[in-house]
Structures are given as C-alpha cells and as structure tokens.
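> Just to be clear, the model below is a prediction. Sequence and coordinates:
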Amino acid sequence: METSYYYIGENQPLLLSVRRATIVKILGIRKNSCYFLFYIFLYAMFLCTGAVTFSAFEVSEELKLKIRLEDKIENFIKAYPNVPDEALEELIVEIISASNRGVSAIKNATGESNWSFAQSLFFTSTVVTTIGYGHVTPLSRSGKVFCILYAMIGIPLTLVLLSAMVERMLIPTIGLLQWLNSKLGHLYQPFNIRLLHLCIIAAILVLVFLAMPAAVFASIEPEWDYLDSLYYCFISLTTIGLGDYIPGDSFNQPYRPLYKILTTAYLFLGITFMMLTLAVFYDIPQLNLGILFAPSDTDDVSSEKVRLASSTQATIYGTSSDSLENQHRQVVRVRSRREDDDDSPDDNTSKPLGIP
C-alpha cells in the first residue's frame, strides 16, 4: 500500500481541505433554499400571529378610550353650548399637533424648554442610537436639515464606539468562559459550557440592565409602575423606542437635567451590553441558524470567515503567529488508490493538495 503526502497551502487552515458535501436537492431546489423558503413562511406566520394578538388585546382598550373621549367632548358641549363645534374641533387638532411635537397645551410637562442642554443631549442620544422616541422633534427647517446630517455622521460614529466597547467587554467575558472550561471541561461538553456561559451573560443583562433600572424608574416616575418601567427599559435597550414612556417628563421633576444625563449614560451602557449578549449568542455555531440558509456559492466567503475567525481566536487566546503558521502547514497522510503490489519508494512524493 502506497502512502502519499500532500501539503496544504500556507494561508489555508486544515479545515478548508475537507471536500464540500454534495448539495441535496428537494424537487429541484437546493436543500438550504428550501430551508430558507420555509423560514420565510414561518416568519410571515409569526408577523400575522403578532398582528392578530395585538388586535385582540388592544381593540377593546381603544374602544373604551374612544367612548371616554366622546363623553368628555359631549359633556363639554353641554356645559358650554355657545362654543361652535368647528372651533372646538380646530382647537383639539392644534392641541394634538402640539402634543405630538412635545409641547403640552396645559403647561409644558417638563417645566422648561424641550431644547435645554440636558433635553437636547437626551434627544441627540436617541437619534444616534436609533432609539428615536419621537416625543420631541425638530420644528424648524434648519433643525430638520441639521438632524439629517447629524444622524448620517452620528450613527456610524456611535456604531464604532459601541463596537469598541463590546470588544473591550469581550476580554473579561472570554476570561469567564475560560474559567468555566477549566472548572467544568472534564464534566461537560463544550457546547453545554458555552450555553451556561450565555445564560450567565443573559442573567447579568436581565438583572443589572433591566430589572434593577426598572425598579429605579418605578420609584422616580410618579405615574409608572414596575411593569411600565420594565417595559420602557426593554423597549429602549432593544432600540425599538416607541416613545409612549419618556423618563424625566413628569411635571415638576426634581433634578431633571441630571436625571436626563444619567438616563443617557444608562442607554449607552445598556445597549452595549445588549450587543455583547448578542455577540456571545452568535458565537455559538449550534445556535446560528443562519448557516442553514446560506447559498452554496457563499462557501468561499464562509471559508474565509472561518480562517479569519481562527486567526482572531488565536490572537485572543495568546497564540503566536509562528504557531499559527505551523498549524497552517499540515501534512495529511492518505491512502493511494494504487494496488498494494505496486509498492515502490520512488512513488512517495510531495504534492500540493488538489493535484492528482
């Protein structure tokens, strides 16, 4: 039996030498495309289910609110019959328009200008983090133009800042994973340890950045209960930003400028830790369902990602470049297809991988 030696290229890890699996087709469609189409169907059903559920929950509440508002208007007209209906309706439209711009018709809910330094800083943070509550918006044409330019520059800068913060927070996070491997590696599989690691990070997110801040907001905001506060924290840190709850806008709020600045800092830290949690989740291959839907023509791109990921992981764990170079130059022993009786030392050659 002849044994031949094949050298893998210097810049390709051993993993890339494995032959690609045969593409399985279902009814003439590739398997991963079938998975992708099925996922689109499930996602559409998920959206429809959410729409039906919200409709079932909210229609009755909306109807109650409409009836209450109609009763209020009817009672007002009975009390003041000399007020024309058209004039009352115009007043209501103006009140609603001003309220949508952050101005209360009764008295400014903030007790100060919506564009003081602290309020403006809070507004800019919601713009660059894409939270966008919408409770306060630019009123002037120049303010709208500046908002567009400011967001075009600020959003990429914010992404760079948040990514840099996540990279630094990954250092102790990876240290925790290494510690778990050293303590539990002989008892559990690596996947189970990484799941435990993810659960710890997610628990820190829920406790430190959702549950505890919610308790603080519930104690400060006079009209918020704990559920309202928890709802606000989740909606904000996921950058959904519905804008139905805004901290610091209650009447006669003490220390409002400091409150707004501290809330801005909380939003940045919370969004950063949310991104860290998602990064830890995405780093577990078994939980990354996106690989099931990747088209086959992206194999080269995926292989390059594997090479870069292996190099990055080696850098994080302190592996030297010389060690990586030695790993990239691997020798693979394979059986020759020649007959056993054709055993000759002269036939043992060294060839690049892929040459017959």
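Looks like it arrived, so ask away.
> Just give me the neighbour total for residue 270.
Using other C-beta atoms under 10 Å, residue 270 is surrounded by 21 other residues. (C-beta placed from N, C-alpha, C; glycine too.)
> Residue 237 is in contact with that one, correct?
Yes. The pair residue 270 / residue 237 is scored as a contact, 4.3 Å apart, by C-beta atoms under 8 Å.
> which residues do these two both contact?
residue 209 (C-beta atoms under 8 Å, 6 or more residues apart in numbering).
> tell me the contacts of residue 39?
Contacts for residue 39 (C-beta under 8 Å, 6+ apart) come out as 289, 292-293.
> so where does it fall, helix or strand?
helix 31-79 (DSSP states H and E).
> Report all helices and strands that the helix or strand that comes right after that helix contacts.
As assigned by DSSP H and E, the chain's next helix or strand after helix 31-79 is helix 85-100. When contacts are defined as 3 or more C-beta pairs under 8 Å, 6 or more residues apart in numbering; DSSP states H and E, helix 85-100 sits against helix 31-79.
> tilt between the helix it packs on and helix 85-100?
Compare the direction of helix 31-79 with that of helix 85-100 by axes from the mean of the first three to the mean of the last three C-alpha atoms, to 10 degrees and you get 130 degrees.
> where in the stretch 101-250 of the chain is pLDDT low?
The model of the stretch 101-250 of the chain has pLDDT under 70 over residues 102, 104-112.
> which residues in it form helices?
117-128, 141-184, 190-206, 212-220, 226-237 (DSSP state H, counting those that start in this stretch).
> What is the burial count for residue 280?
21.
> Which positions in the host helix or strand of it come out as buried?
In this assignment (DSSP H and E), residue 280 forms part of helix 256-282. Using 16 or more other C-beta atoms under 10 Å as the test for burial, helix 256-282 gives 256-257, 259-261, 263-264, 266-268, 270-277, 279-280.
> Also stretch 36-50?
Those would be residue 36, for stretch 36-50 by 16+ other C-beta under 10 Å.
> Could you do stretch 181-197 as well?
193-194, 197.
> related to what we said a few turns ago, now the contacts of residue 39 in a markdown table, please, with extra columns for secondary structure, distance to residue 181 and pLDDT.
A markdown table is the format used below for these (DSSP: H, G, I helix; E, B strand; the rest coil; distance: C-beta to C-beta, whole Å; pLDDT from 0 to 100):
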| residue | secondary structure | distance to residue 181 | pLDDT |
| --- | --- | --- | --- |
| 289 | helix | 25 | 75 |
| 292 | helix | 27 | 72 |
| 293 | coil | 30 | 72 |
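> Throw the residues you listed into TSV and include neighbour count and distance to residue 242, thanks.
TSV is the format used below for the contacts of residue 39 (neighbours: other C-beta atoms under 10 Å; distance: C-beta to C-beta, whole Å):
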residue	neighbour count	distance to residue 242
289	9	28
292	13	32
293	15	30
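> Tell me the spacing between residue 178 and residue 204.
According to C-beta to C-beta, to the nearest Å, residue 178 stands 17 Å off from residue 204.
> go on, residue 179?
Relative to residue 204, residue 179 is positioned 15 Å away (C-beta to C-beta).
> of the two, who's got more company?
With neighbours defined as other C-beta under 10 Å, residue 179 and residue 204 compare such that residue 204 has more, 14 against 11.
> Pull the contacting residues for residue 73.
Applying C-beta under 8 Å, 6+ apart, we find residue 73 in contact with residue 88.
> and it, how far is that from residue 82?
Distance of residue 73 to residue 82, given as C-beta to C-beta: 15 Å.
> Which of the residues in stretch 141-159 are classified as buried?
Within stretch 141-159, the residues scored as buried using 16+ other C-beta under 10 Å are 147, 151, 154, 158.
> quick one: the residue lying closest to the third one once chain neighbours are set aside from residue 174, how far?
Spelled out, that is residue 154. Sequence neighbours aside, residue 128 is the residue nearest to residue 154 in space, at 3.7 Å (criterion: C-beta to C-beta, 6 or more residues apart in numbering). Taking C-beta to C-beta as the measure, residue 128 falls 28 Å from residue 174.
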